[in-house]
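**Student:** Sequence and predicted structure are below.
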Amino acid sequence: MNTTFENTAQRTRPLPGLDPSYDDDLTPRETEIARLASLGLTNKEIGQTLDISHWTVGAHMRRIFSKLKVKRRAAIQYALTIRGAA
């Protein structure tokens with residue numbers, strides 16, 4: 001299996017273990033994408049909205065998951081709320 005994926009999966013924690021203190025801040029673009037994802041938009045829809053590739057959205061989403069320490073898109077809105085970014 002892809003080592004990068006395994007390392008990312010090991011660093012992320014499920015929602016119950018969400019730690020509101022964090023080391024990495026989201027970039028403005030990551031925050032924008034996280035907010036759109038929290039509204040239920042797919043990567044393709046986010047890409048169309050921001051005029052970027054869905055592959056680029058996917059790359060941002062992987063970093064967002066890692067920084068927010070979540071495993072599911074549904075947890076993004078909650079994590080943003082805890083951080084005061086929502």
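**Tutor:** Done, it's in.
**Student:** Check which residues of the helix ranked longest in the chain are buried.
**Tutor:** Counting residues, the longest helix found in the chain (DSSP state H) is helix 54-68. Buried positions in helix 54-68, judged by neighbour count with 16 or more other Cβ atoms under 10 Å: 57, 60, 61, 63, 64, 65, 67, 68. Just so you know, the C-beta spots here come from the backbone N, C-alpha and C atoms, and that holds for glycine as well.
**Student:** and the angle for the following helix or strand past it with helix 54-68?
**Tutor:** Counting by DSSP states H and E, the next helix or strand C-terminal to helix 54-68 is helix 74-83. Helix 74-83 and helix 54-68 are oriented at 50 degrees to each other (axes from the mean of the first three to the mean of the last three Cα atoms, to 10 degrees).
**Student:** So residue 43 sits against residue 52, correct?
**Tutor:** No. With contact defined as Cβ atoms under 8 Å, residue 43 does not reach residue 52; the gap is 10.0 Å.
**Student:** more crowded one of the two?
**Tutor:** Ranked by neighbour count (other Cβ atoms under 10 Å), residue 43 and residue 52 place residue 43 first, with 21 against 16.
**Student:** Residue 35 versus that one, what's the distance?
**Tutor:** 14 Å (Cβ to Cβ, to the nearest Å).
**Student:** Return the alpha-carbon coordinates of the longest helix of the chain using CSV.
**Tutor:** Only the C-alpha atoms of helix 54-68 are listed here, as CSV (Å, rounded to 0.1, in the frame of the first residue of the first chain):
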residue,chain,number,x,y,z
HIS,A,54,-10.8,18.4,-9.0
TRP,A,55,-7.3,16.8,-8.6
THR,A,56,-6.1,20.0,-7.1
VAL,A,57,-9.1,20.0,-4.8
GLY,A,58,-8.3,16.5,-3.7
ALA,A,59,-4.7,17.5,-2.9
HIS,A,60,-6.0,20.3,-0.8
MET,A,61,-8.5,18.0,0.9
ARG,A,62,-5.8,15.6,1.9
ARG,A,63,-3.9,18.4,3.6
ILE,A,64,-7.1,19.7,5.2
PHE,A,65,-7.8,16.3,6.7
SER,A,66,-4.3,16.1,8.1
LYS,A,67,-4.3,19.6,9.5
LEU,A,68,-7.8,19.3,11.1
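**Student:** That concludes my questions; thank you for your assistance.
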